[in-house]
Each structure stands twice: as C-alpha cells, then as structure tokens.
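Asks: Need a 3D model of the sequence below.
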Amino acid sequence: MQRNGEMKLGLFLGQAGYHESAWRDPNVPAKGGVDIDHYADLAALAEGAAFHFLFRADSPSVVEPDHASLARVSRNDGFEPITLLSALSSRTQDIGLVATATTTYHQPYHLARMFASLDHLSRGRAAWNIVTSGFKFEAQNFGEAELPDHDTRYVRAKEFVEVVKGLWDTWEDDAFIRDKQSGIYADTAKLHLLNHRGDYLSVRGPLNIARSPQGYPVLVQAGASDAGIEFAAEFGEVVFTAAPSLEQGRRYYATIKEKVRALGREDNQVLVMPGIVPVVGKTKQEAFEKLQRLQSYTHIDVLIGAAERWLGFVTDLRSINLDALVPEALPETNLIQSRQKVLLDLAARQKLTWRQLIRSISDSKGHLMVVGTPDEISDVMVDTFDQHAADGFNVMPVTYPGELKEFVELVVPELRRRGKFRSAYSGQTLRENLGLARPLNQFARAV
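Replies: Purely as a prediction, here's the structure:
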C-alpha cells in the first residue's frame, strides 16, 4: 500500500483513563465524566498535538453484572457520544469527532440526521463508529430479553448502513439554492427519495438536512470476528482493532487489506488503527511504578467483572481456581466474539493463569500495552507501522489528563523527530486530514 510515511493518531476520549481504576488516581478529576470542561481540556491537548480525531466509545446500558463491580467503576457516569461531541465541535477547530452508535437499537433515520447535523456543526469533522450491540444488558433496555444472534446483528447492520448512506444522499450537494429573489429554497429536481423496504427496515426519506460537508461522515468500524471483518472490509474507512502483538497485528492488517481489494476498494482508503495503551516514564522503572500504582487501586471485584464481561459472560470466575492456567477455549459467546478470541490467544501465547489474565484485562483489555520510555514506546509504534500492522493508532492513555500530557509532551516529539507524525493539520475536513476521498452522491452518479 502506498503511504506517505506518517501514521495517523486518534485519542480514545474517556472520563478517567483506559485503566479500570484510573478514577482513583489522585490527579484524575473525580467528576470528569460529566464535566464538559474536562473533555474540552483533553480535546485541546490532542488538537494542539495535531491528533487526527477524538474517539468516544459507548454502550447504551450499564455493563457490570452485579453491584460488587458496579459500585467500583466510573464508566456509568458520562455523556452520550453525539451530545458530547456536538458540544466539543464548538470548542475545537480541526480535530475529528468520532461518535459510537449501535445499529442494533437505533433507527437509521435518527442516526443519519444526528450525524449529518454533527458534520455540519463541526464543518466536516464528524465520523460514525458503527457497532452492533455487544453487551447483554442492552437488550433489556429496549424491550428484548436477549441480544439478537451475533451474525444476525451484522446482517441487520449492513442494511442499516446502506439506508443511512442513502438518506445522506437524498439531497444532492447543491440542492439547497436558497434563492431569495426567486423564492426557491430547494431544487427538488435534486431530491431523491430513498423508499427503502428491506428485510429489517422500511424508510421512505428524504432526510431533512442538506448533504453534509464530507458527503458522508467518515465510517469507522471495529470488526474482528468473521462477520465483523467482512463488514469492516465492505464499509469501514477507519478500522479499529485489538492487536496485543506484532504478529496478530500483521495478520489482521493483511486480512483486512486483502478483503478490501477483493471488494474492489482501494486499500489506502481503509486505515487500520489498533489501540495502544502507553504508560510513559522518563525511565522504564518509573513507567512500571505508574502501572503498579494503578493496579494497587483495583479491587478483585473490578478485575473479575471486567474479565467476565470481555470474555463474553461464559464463565464464572468466582468459582474457579485463579492460579490455574487459562484453557485454550471457552464456550462461544453471543457478545463480543473477537475480543474473547484475542484474550484467549494472548493467554495461550504467554501461558497465563486466570489471575494473570484478569490483571491484563484490567490494564489493557487486549490492546497493545507498552510500558516504558518515550524512545521505547516510539520504537514499538514505528515498528508496528513499518511492519504493516497499522496505519496509525487509537491512543488509550491509562489516566487523564496526566498520561495524555506525558504522551503529547514526550512521545509525539520523538515520533516527529523520526518523521512518523505530522506537526500540523493539512486539511479542513476529517476526510482531508485522513487522506480519504469524499464520496459521490450515489443517486446523482446514477443519472
């Protein structure tokens, strides 16, 4: 793939940090989850360092299975992504805004309208992280006892995305002429009704907002199961993944790019950006001491709750010997299948006990974790990029704002010194900054 030699960087925008116990760090704001100024400060740090985007994850439910773990985590006290990023659009100028929204429990018209609005509000900086619901308690918030079958969720998601794209295209780019002299506001010859009737959805249209600055907000996906990879290859323009080793990263990268080419897409229009969890120290010992301090804050109930969730709620960790080796296989989950596989592969490769695995899940949740000096972290990032295991990274600092500041002040300059990261924004829209093409209107093109 032809690349300009510079990696892309996104910031995972959380309220406390990516570590399960980040909120207990004395330097982390306890009420950061519902403090817009806290998020604005993080956005300013990332934008000042020329990060490509802010990424906001989401689940429309509490995900902890019991009060023991629920009482000790901070994630259930934060803003809904599109609302938050809409607010941040007025407090930033250049950085992209990636909001997560599920296709399982939304309606396509609502999401098409909200993301088009965010793209207009931000003057072309919006992106949609397309997910299917993966936590069991989401279903019960929407009148269902259980989540639909894993593959069924992806089949519906495919139809859902096609509908949303169709709605974004129902007005041509120049349809709204707004001519005061003639009294004509919209040229209805450039209106295309969707009139979609499919297996899961029925949507007439048109969307009641002009086509957005980017045509479509950038489409982001994180598929890593078989169904997820097929979906990501078909629709994704930025693809997130968990790849805790170079070997896994290269394998995933090659698979995605091959499938993208097989679908007739250009592989430089699909950017693979795995998560990285950096813990930065002026010495390696200092970095390890930071991590050990966070680990000391983490109660066993939090460790077990997080592990059971990311393994798909298929085993009761309170009833097993935590010092036994993790088995090679567990029952298949109907939840996030790809993450279960990543974690089991990690345990097998490193011959982990259950106790070691649940600690690792608390620390990084299966993402690439690098604990060390700016040089050492840069070495890993550059090698991963040069070895075609990544086009960039979704940076997941263990605490906010402290570890983000350390990354920006110590790692980013080293990446620039090596010619691997930019020093300024190069375009007006997120698509331009990522090097992604603006999509043509499908209906105008067909005429």
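Asks: who's in contact with the residue nearest to Ser202 when sequence neighbours are not counted?
Replies: Of all residues not flanking Ser202 in the chain, His196 sits nearest, at 6.7 Å (C-beta to C-beta, 6 or more residues apart in numbering). (Glycine included, C-beta is placed from N, CA and C.) Residues near His196 by C-beta atoms under 8 Å, 6 or more residues apart in numbering: 162-163, 166, 202-205.
Asks: Would you confirm that Gln295 contacts Ser364?
Replies: No - applying C-beta atoms under 8 Å, one finds Gln295 not in contact with Ser364, separated by 11.7 Å.
Asks: So for these two, which sits in the more crowded spot?
Replies: Using other C-beta atoms under 10 Å as the criterion, Gln295 and Ser364 rank with Ser364 on top: 25 against 15.
Asks: Which residue, other than its chain neighbours, is closest to that one?
Replies: Closest residue to Ser364 apart from its sequence neighbours, by C-beta to C-beta, 6+ apart: Val277 at 4.5 Å.
Asks: Which neighbouring elements make contact with the lengthiest strand in the chain?
Replies: Counting residues, the longest strand found in the chain (DSSP state E) is strand 271-280. Here strand 271-280 touches strand 8-12, strand 238-241, helix 246-262, helix 284-296, strand 368-372, helix 374-386, strand 392-395, helix 402-406, going by 3 or more C-beta pairs under 8 Å, 6 or more residues apart in numbering; DSSP states H and E.
Asks: Sketch out the low-pLDDT regions of the protein for me.
Replies: Applying pLDDT under 70 to the chain flags the ranges 1-3, 445-447.
Asks: which is the next helix or strand following the top helix by length along it?
Replies: Taking DSSP state H as the criterion, the chain has its longest helix at helix 150-168. Once the chain leaves helix 150-168, the next helix or strand it forms, by DSSP states H and E, is strand 176-179.
Asks: just to revisit the earlier point, quick one: the longest strand of the chain to helix 284-296, angle?
Replies: Orientation of strand 271-280 against helix 284-296 (axes from the mean of the first three to the mean of the last three C-alpha atoms, to 10 degrees) gives an angle of 100 degrees.
Asks: and the helix or strand containing Ala232, what does it pack onto?
Replies: Per DSSP H and E: Ala232 is located in helix 226-235. Here helix 226-235 touches helix 150-168, strand 218-221, helix 246-262, going by 3+ C-beta pairs under 8 Å, 6+ apart.
Asks: for the last one, packing partners?
Replies: Counting by 3+ C-beta pairs under 8 Å, 6+ apart, the packing neighbours recorded for helix 246-262 are helix 226-235, strand 238-241, strand 271-280, helix 374-386.
Asks: How about the second one?
Replies: For strand 218-221, the packing partners by 3+ C-beta pairs under 8 Å, 6+ apart come out as strand 96-102, strand 126-131, helix 226-235, strand 238-241, helix 430-434.
Asks: The same query, at a cut-off of 7 Å, please.
Replies: Judged by 3 or more C-beta pairs under 7 Å, 6 or more residues apart in numbering; DSSP states H and E, the packing partners of strand 218-221 are strand 126-131, helix 226-235, strand 238-241, helix 430-434.
Asks: how about the ones you listed in JSON lines, adding distance to Arg153 and mean neighbour count?
Replies: JSON lines is the format used below for the helices and strands packed on strand 218-221 (distance: least, C-beta to C-beta, whole Å; neighbours: other C-beta atoms under 10 Å):
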{"stretch": "strand 126-131", "distance to Arg153": "9", "mean neighbour count": "26"}
{"stretch": "helix 226-235", "distance to Arg153": "8", "mean neighbour count": "21"}
{"stretch": "strand 238-241", "distance to Arg153": "18", "mean neighbour count": "28"}
{"stretch": "helix 430-434", "distance to Arg153": "27", "mean neighbour count": "22"}
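Asks: of all the ones you listed, which lies closest to Val398?
Replies: Val398 sits nearest to strand 238-241 of all the helices and strands packed on strand 218-221, at 18.1 Å, using C-beta to C-beta.
Asks: which outside residues touch the closest one?
Replies: Contact with strand 238-241 is made by 218, 220-222, 224, 232, 252, 256, 270-275, 394, as judged by C-beta atoms under 7 Å, 6 or more residues apart in numbering.
Asks: Helix, strand, or coil at Phe313?
Replies: coil (DSSP: H, G, I helix; E, B strand; the rest coil).
Asks: Quick check: the gap between it and Phe137.
Replies: Phe313 sits at a distance of 10 Å from Phe137 (criterion: C-beta to C-beta, to the nearest Å).
Asks: same deal with Asn321?
Replies: Applying C-beta to C-beta, the value for Asn321 to Phe137 is 28 Å.
Asks: quick one: which of the two has more around it?
Replies: Taking neighbours as other C-beta under 10 Å, Asn321 and Phe137 compare with Phe137 leading, 15 against 9.
Asks: list the contacts for Gln428?
Replies: Gln428 neighbours (C-beta under 7 Å, 6+ apart): Gly124.
Asks: CA atoms only: put stretch 425-438 into CSV for me.
Replies: Taking C-alpha atoms only, stretch 425-438 is exported to CSV below (Å, rounded to 0.1, in the frame of the first residue of the first chain):
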residue,chain,number,x,y,z
TYR,A,425,-3.3,19.8,10.2
SER,A,426,-3.3,19.5,6.4
GLY,A,427,-7.0,19.9,5.5
GLN,A,428,-10.3,21.4,6.5
THR,A,429,-12.3,18.2,7.0
LEU,A,430,-11.5,14.9,8.7
ARG,A,431,-11.6,13.2,5.4
GLU,A,432,-8.9,15.5,4.1
ASN,A,433,-6.8,15.1,7.1
LEU,A,434,-7.0,11.3,6.9
GLY,A,435,-6.4,11.2,3.1
LEU,A,436,-9.9,9.8,2.5
ALA,A,437,-11.9,10.6,-0.6
ARG,A,438,-15.2,12.4,-0.4
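Asks: quick one: the one helix or strand Asp363 maps to to strand 368-372, angle?
Replies: In this structure, Asp363 sits in helix 354-364 according to DSSP H and E. What separates the directions of helix 354-364 and strand 368-372 is an angle of 80 degrees, with the same axes, to 10 degrees.
Asks: From the contact counts, what lies against helix 354-364?
Replies: With contacts defined as 3+ C-beta pairs under 7 Å, 6+ apart, the packing partners of helix 354-364 are helix 300-310, helix 337-350.
Asks: quick revisit: in TSV: the helices and strands packed on strand 271-280, plus distance to Leu335.
Replies: Shown next, in TSV, are the helices and strands packed on strand 271-280 (distance: least, C-beta to C-beta, whole Å):
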stretch	distance to Leu335
strand 8-12	21
strand 238-241	17
helix 246-262	20
helix 284-296	26
strand 368-372	22
helix 374-386	28
strand 392-395	21
helix 402-406	29
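Asks: Please identify the most buried of those.
Replies: Highest mean neighbour count among those (mean count of other C-beta atoms under 10 Å): strand 238-241, with a mean of 28.
Asks: now that strand, how far from the centre of its chain.
Replies: Centroid separation between strand 238-241 and its chain, computed with C-alpha atoms, centre = their mean, to the nearest Å, is 7 Å.
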